[in-house]
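Trainee: structure for the following, please:
(one chain, ligands or ions: 3)
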Amino acid sequence: MNYRMAKVIVDVPSRETDRPFDYLIPESMAGWIEVGSRVGVPFGRRTVQGFVVSLHEQPEMDRSRMKAIQELLDMTPPLPPDLVELAEWMSRKYACSLISALQAMIPAALKGKAERYIRVTDADGEGLSEEGSTDASDSLYPLPRLVTPEEEEILAFVRASDTVTMTQLGARYPEAASLIKDMLARGVLTESQAIKDKVRKKTVKTVAAAVSGQAAQEALASFGPQARRQKEVLEFLLELSLPLSLQEVLSTLQVTAGTVKKLVEKGFAVIEDVEVFRDPYQGRRFQRSEPLTRTPEQEQVYHRLTESLDAERHEVFLLHGVTGSGKTEVYLQTIECCIASGRQAIVLVPEISLTPQMVERFKGRFGAKVAVMHSRLSTGERYDEWRKIREGRVEVAIGARSAIFAPFNRLGLIVMDEEHETSYKQEETPKYHARDVAVMRARQHGAAVILGSATPSLESYHAARSGGGDYGEFAPVLLEMKQRPSGSQLPGVQIVDMREELKEGNRSMFSRALHQGIAARLERGEQTVLLLNRRGYSTFVMCRTCGYVAGCPDCDISLTYHQKSNNLRCHYCGYAEVAPSVCPECGSEHIRYFGTGTQRVEGELAKLFPGIRVIRMDVDTTSEKGAHEKLLQAFREKKGDVLLGTQMVAKGLDFPDVTLVGVIAADTALNFPDFRSAEKTFQLLTQVAGRAGRHQLPGEVFIQSYMPEHYSIVHASGHDYLSFVREELKTRKTLHYPPYSRLILVTLSHEKLPLLLRMAENFAGDLRVKAQRQGWFGSLDRFAPAALDILGPVASPIPRIKNRYRFQCMVKYRGELDAVGLVRETAAATLDQLRDAMLQISIDVDPQMLM
Ligand SMILES: Nc1ncnc2c1ncn2[C@@H]1O[C@H](COP(=O)(O)OP(=O)(O)OP(=O)(O)O)[C@@H](O)[C@H]1O
Ligand SMILES: [Zn+2]
Ligand SMILES: [Zn+2]
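Mentor: Ligands and ions are numbered 1, 2, ... in the order given. Model prediction:
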């Protein structure tokens with residue numbers, strides 16, 4: 001096919017540019033440009049990066065008015081065509097721009113920006129614009145070629161390197177700015193723009209013998225006694241007959257680079273740059289693991305899953321298995337079956353549980369066939385893991401949310417562990433949910449999806465029970481595992497009423513029962529996990545005399561205290577100030593820092609149990625790369641009696657000597673203005689309780705609470721998912737919350753409050769009218785197959801961020817109607833009406849955070 005024109009999505013973030021632009025394909029790139037290619041194109045007066053989304057034989061408009069693609073950035077397109085198609089789907093589903101969806105799919109290393117390069121203009125005019133200049137002066141007055149010594153030096157410098165940026169040149173010759181400008185004006189130097197990637201492929205210098213057989217023998221014989229070292233090197237290279245790392249050769253033989261260079265000059269050896277992959281797990285040994293004999297429950301599930309894989313059917317499964325029931329083992333064996341048939345697998349885990357334990361289990365089973373995509377990796381490391389996938393060097397990708405875009409070409413299986421986790425929803429644009437993207441991607445490939453959890457989200461569970469139901473989109477097949485392979489029982493859970501403790505004079509944060517429990521573990525040499533539910537535990541500064549709370553001047557939110565730097569910071573805008581020692585309002589010295597909850601618990605433990613070894617895991621102790629792993633490793637090696645932390649300690653850990661789990665305050669999140677707070681509390685408690693007694697030793701759990709009769713706590717203590725779901729679904733149905741409806745959260749923001757309020761009301765009114773016209777508008781109470789309701793505008797729970805006021809509208813709807821399209825259209829109309837760049841409207845489809 002002879003394609004002449006490409007449609008390109010350009011990397012210019014604005015509403016007006018959110019559509020494909022037409023470009024001619026230059027002859028030289030004809031065979032290379034594909035759907036998914038990354039290109040540099042002229043846009044206005046700049047060069048910008050873009051992605052080819054379709055190819056066409058004939059331009060739709062006059063060729064002479066069209067611009068041509070300027071450069072092709074990669075030999076292999078970073079995006080296979082199915083991902084381009086997926087981006088189009090995302091843009092419709094989440095009301096996001098196409099470029100934001102495409103950018104989410106490629107590693108940060110490929111988010112190139114235009115750089116200005118300087119070149120020496122050649123005599124034949126190369127370096128001038130491609131079609132040749134039509135400027136008459138060009139041919140009439142040849143360029144002056146008289147060059148001063150100073151200019152000569154600059155020219156030599158530029159010639160020596162093929163990529164000098166304006167900045168680099170300026171830095172090299174700080175005195176010569178006007179001279180360089182003059183050389184550019186006279187056309188001796190030419191400026192061009194090109195896209196520069198953030199990270200380059202990494203290479204190492206290798207050396208190899210360039211002779212063999214008879215020639216090698218002759219070469220060896222030619223060395224005189226003074227070239228003994230050269231001979232040694234050549235002998236070494238011939239013996240191994242492989243390209244070796246130059247560095248390694250030098251250090252092994254204790255020779256200098258000069259020696260090797262002489263060999264190269266004589267033509268006996270060659271030095272080459274060879275591309276290598278940065279491996280974040282280099283040097284780590286992973287213990288090989290073999291598949292375990294499946295329990296009868298695992299067998300049933302495995303059988304059903306592999307049947308689907310063998311048939312290459314697109315099916316979605318919800319694997320509901322209690323904590324420690326061996327779900328991970330099922331994933332591992334199903335993946336093995338998938339790759340045995342020549343297809344590939346993606347494993348999604350919440351960032352927080354991308355622990356060394358999880359990585360180890362996958363590396364241990366699949367070795368070098370696994371790529372790990374971790375936010376803690378450097379940009380370069382992540383790029384290399386991604387390239388291993390794109391180049392087909394691995395068959396399994398494991399990672400957080402964005403690993404769903406791993407560019408495999410024959411995807412057979414997607415596993416989503418802990419499918420209920422809210423971190424699968426991205427909170428920034430594009431605000432996608434990896435679960436829905438996973439289902440869509442699997443549909444494209446005819447692949448299977450396993451959504452696994454001990455506490456499935458209500459959306460997924462309801463969809464499985466009702467065959468899709470109101471939530472639509474997918475209807476998973478429910479698979480269940482109710483027992484632990486070790487035969488161990490789920491631990492006994494006791495709820496401790498903290499109000500009673502207080503009544504009886506215990507003012508400590510530990511109940512007597514939990515206190516005794518910890519003491520007993522210390523005596524027996526067993527381990528304890530303590531969870532502090534961080535949500536609701538703020539680290540603010542308050543004056544105990546006047547009640548003053550330090551808040552951000554630009555956002556309506558209290559500042560967070562950071563002990564290490566002794567300052568107060570705003571989590572929304574980054575504002576920081578030194579922590580005050582007296583109250584700025586009343587001058588009192590009784591101003592208290594409510595340090596991170598975990599620090600307080602740690603202090604209390606040290607007081608109650610002198611000598612206790614506490615390993616604390618929270619945002620403060622895990623901010624450094626690898627810190628998380630080190631803390632867990634120390635706990636595994638029993639260098640700690642207690643592992644104390646936030647949500648991080650609740651998931652995925654499997655330590656045989658943990659026999660006690662304590663939850664310091666179970667209900668801190670229950671009062672949050674979020675319809676999912678009961679669900680989240682139940683999930684967290686069930687998960688953390690599942691860490692105790694997973695192996696031989698029996699486990700015990702204490703949940704301390706001020707609301708011990710709340711159904712999320714009662715049912716978590718009984719490990720009773722079904723009763724919890726029944727009760728929670730009833731509430732959701734009455735209030736028309738998901739899974740009985742779907743939500744779109746629209747947030748409008750502006751610096752001027754009255755104007756914002758007016759625009760928010762315009763928006764809501766306009767949306768109502770449009771919905772009415774479609775026959776959709778009305779209360780969800782009414783018995784109608786499709787309905788849409790608009791709540792608000794009201795001030796957002798955080799009413800001001802970065803000096804911008806915020807109002808929100810909640811759109812609730814049910815049934816087959818394009819609510820996203822309607823909201824998007826209305827938002828565009830509202831923006832067009834005001835024509836003020838300060839007005840922002842953000843659309844969050846299926847929101848997880850209602851702030
Ligand atoms: N078939 C089996 N035979 C023996 N042991 C098994 C088997 N399957 C799993 N196990 C072991 O049982 C323990 C729990 O298994 P696994 O971690 O896979 O459960 P899980 O359901 O993923 O747990 P969680 O959701 O709580 O993280 C592990 O130590 C695992 O090695
Ligand atoms: Zn005060
Ligand atoms: Zn702020």
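
Trainee: look up how far ligand 1 lies from G342.
Mentor: If you measure G342 against ligand 1 using Cβ to the nearest ligand atom, to the nearest Å, the figure is 26 Å. For glycine as for every other residue, the C-beta is placed from the backbone atoms N, C-alpha and C.

Trainee: shouldn't G693 be in contact with T659?
Mentor: Yes. G693 sits in contact with T659 when judged by Cβ atoms under 8 Å, with a separation of 5.7 Å.

Trainee: tell me the secondary structure for P656?
Mentor: Here P656 takes the coil state, with states given by DSSP: H, G, I helix; E, B strand; the rest coil.

Trainee: give me every residue in the chain lying close to ligand 3.
Mentor: In this structure, the chain approaches ligand 3 at residues C552, D554, C555, C570, Y572, C573, Y575, judged by Cβ under 5 Å from the ion.

Trainee: just give the nearest non-adjacent residue to the last one, would you?
Mentor: Of all residues beyond its chain neighbours, the one nearest Y575 is C552 (5.2 Å), with distances taken as Cβ to Cβ, 6 or more residues apart in numbering.

Trainee: mind listing what G50 touches?
Mentor: V8, I9, V10, D11, F21, R38, V39, G40, V41, F43 (Cβ atoms under 8 Å, 6 or more residues apart in numbering).

Trainee: coming back round to it: so which of the residues of the chain next to ligand 3 are in helices?
Mentor: Among these, no member falls in helices (DSSP state H).

Trainee: domain parsing for this protein?
Mentor: When the chain is parsed into structural domains using automatic domain parsing, the resulting residue ranges are 114-196, 202-276, 296-481, 492-539+595-731, 742-845.

Trainee: among the ones you listed, which is the most enclosed?
Mentor: For the domains of the chain, average neighbour numbers computed from mean count of other Cβ atoms under 10 Å are highest in domain 296-481, which has a mean of 21.

Trainee: before we move on, back to that, of the residues of the chain next to ligand 3, buried ones?
Mentor: Among those, those that count as buried by neighbour count (16 or more other Cβ atoms under 10 Å) are C552, D554, C555, C570, Y572, C573.

Trainee: so of those residues, which ones are in strands?
Mentor: By the criterion of DSSP state E, membership of these in strands covers no residue at all.

Trainee: which of those residues sit farthest apart?
Mentor: Comparing all pairs in those by Cβ to Cβ, the longest separation belongs to D554 and Y572, at 8.3 Å.

Trainee: on that earlier part again, will you turn the residues of the chain next to ligand 3 into CSV that also has distance to ligand 1 and pLDDT?
Mentor: Formatted as CSV, the residues of the chain next to ligand 3 follow (distance: Cβ to the nearest ligand atom, whole Å; pLDDT from 0 to 100):
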residue, distance to ligand 1, pLDDT
C552, 38, 84
D554, 41, 82
C555, 37, 79
C570, 35, 79
Y572, 33, 74
C573, 37, 76
Y575, 39, 86
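
Trainee: between those, which is closest to G392?
Mentor: Checking those against G392 with Cβ to Cβ, the nearest one is Y572 at 42.4 Å.

Trainee: ok, the closest one - contacts?
Mentor: Counting by Cβ under 8 Å, 6+ apart, Y572 makes contact with C552, C555, I557, I798, I801, K802.

Trainee: same thing but 7 Å
Mentor: In this structure, Y572 makes contact with C555, I557, I801, K802, judged by Cβ atoms under 7 Å, 6 or more residues apart in numbering.

Trainee: same question, A771
Mentor: When contacts are counted by Cβ under 7 Å, 6+ apart, A771 is found next to F777, L788, L822.

Trainee: try 8 Å this time
Mentor: For A771, the contact set (Cβ under 8 Å, 6+ apart) comprises F777, L788, I790, L822.

Trainee: ok, longest helix in this protein?
Mentor: For the chain, the helix that runs over the most residues, judged by DSSP H, is helix 753-774.

Trainee: and the two most separated of the contacts of Y572?
Mentor: I557 and K802 (10.8 Å).

Trainee: check what pLDDT D197 gets.
Mentor: In this model, D197 is scored at 67, pLDDT.

Trainee: scratch that, V549 is what I was asking about
Mentor: We note a pLDDT of 81 for V549 in this prediction.

Trainee: just L743 next, same as before
Mentor: What the model reports for L743 is a pLDDT of 93.

Trainee: how is it assigned, secondary-structure-wise?
Mentor: When states are read from three-state DSSP, the local structure at L743 comes out as strand.

Trainee: isn't it up against M849?
Mentor: No. Proximity of L743 to M849 does not meet the contact threshold set by Cβ under 8 Å, at 11.6 Å.

Trainee: measure the residue lying closest to T17 once chain neighbours are set aside to P847 for me?
Mentor: Leaving aside its sequence neighbours, T17 sits nearest to V10 (Cβ to Cβ, 6+ apart; 6.0 Å). According to Cβ to Cβ, to the nearest Å, V10 and P847 sit 29 Å apart.

Trainee: same question for S14.
Mentor: In this structure, S14 lies at 24 Å from P847, with Cβ to Cβ as the measure.

Trainee: between those two, which one's more packed in?
Mentor: Each of S14 and P847 has its neighbours counted (other Cβ atoms under 10 Å); P847 has more, 21 against 10.

Trainee: wait, the more buried one touches V746, no?
Mentor: No. In this structure P847 lies outside contact range of V746 using Cβ under 8 Å: 9.8 Å.

Trainee: so which residues of the stretch 401-550 of the chain form strands?
Mentor: Taking DSSP state E, counting those that start in this stretch as the test, the strands found in the stretch 401-550 of the chain are 411-417, 448-453, 477-481, 492-497, 527-531, 541-543.

Trainee: apologies, that question was intended for the stretch 601-750 of the chain.
Mentor: With DSSP E, counting those that start in this stretch, the ranges of strands along the stretch 601-750 of the chain come out as 614-617, 642-645, 658-663, 700-705, 742-750.

Trainee: CSV for these, including distance to S402?
Mentor: Formatted as CSV, the entries for those read as follows, by distance: least, Cβ to Cβ, whole Å:
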stretch, distance to S402
strand 614-617, 24
strand 642-645, 25
strand 658-663, 31
strand 700-705, 34
strand 742-750, 22
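
Trainee: between the ones you listed, which gets nearest to P491?
Mentor: In terms of Cβ to Cβ, the element of the strands of the stretch 601-750 of the chain nearest to P491 is strand 700-705, at 5.1 Å.

Trainee: in its sheet, which strands sit next to the closest one, and in what direction?
Mentor: The partner list of strand 700-705 in its sheet, established with DSSP bridges, is strand 492-497 (parallel), strand 658-663 (parallel).

Trainee: tell me the helices in the stretch 601-750 of the chain, going along the chain?
Mentor: Along the stretch 601-750 of the chain, counting by DSSP state H, counting those that start in this stretch, helices occupy 627-636, 677-689, 711-717, 721-735.

Trainee: can you give me how far the second one is from the chain middle?
Mentor: Put simply, helix 677-689 sits 24 Å off its chain's centre (Cα atoms, centre = their mean, to the nearest Å).

Trainee: tilt between that helix and strand 700-705?
Mentor: When axes from the mean of the first three to the mean of the last three Cα atoms, to 10 degrees is applied, the directions of helix 677-689 and strand 700-705 differ by 150 degrees.

Trainee: packing partners of helix 677-689?
Mentor: The contact analysis (3 or more Cβ pairs under 8 Å, 6 or more residues apart in numbering; DSSP states H and E) places helix 677-689 against strand 527-531, strand 658-663, strand 700-705, helix 711-717, helix 721-735.

Trainee: may I have that helix exported as PDB, CA atoms only?
Mentor: As requested, C-alpha coordinates have been extracted for helix 677-689 and formatted as PDB (Å, rounded to 0.1, in the frame of the first residue of the first chain):
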ATOM      1  CA  SER A 677     -16.300   4.300  53.600                       C
ATOM      2  CA  ALA A 678     -18.000   1.200  55.100                       C
ATOM      3  CA  GLU A 679     -16.800  -0.900  52.200                       C
ATOM      4  CA  LYS A 680     -13.200   0.400  52.600                       C
ATOM      5  CA  THR A 681     -13.200  -0.200  56.300                       C
ATOM      6  CA  PHE A 682     -14.500  -3.700  55.800                       C
ATOM      7  CA  GLN A 683     -11.900  -4.500  53.200                       C
ATOM      8  CA  LEU A 684      -9.000  -3.100  55.200                       C
ATOM      9  CA  LEU A 685      -9.900  -5.000  58.400                       C
ATOM     10  CA  THR A 686     -10.500  -8.300  56.500                       C
ATOM     11  CA  GLN A 687      -7.100  -7.900  54.700                       C
ATOM     12  CA  VAL A 688      -5.100  -7.200  57.800                       C
ATOM     13  CA  ALA A 689      -6.800  -9.900  59.800                       C
END
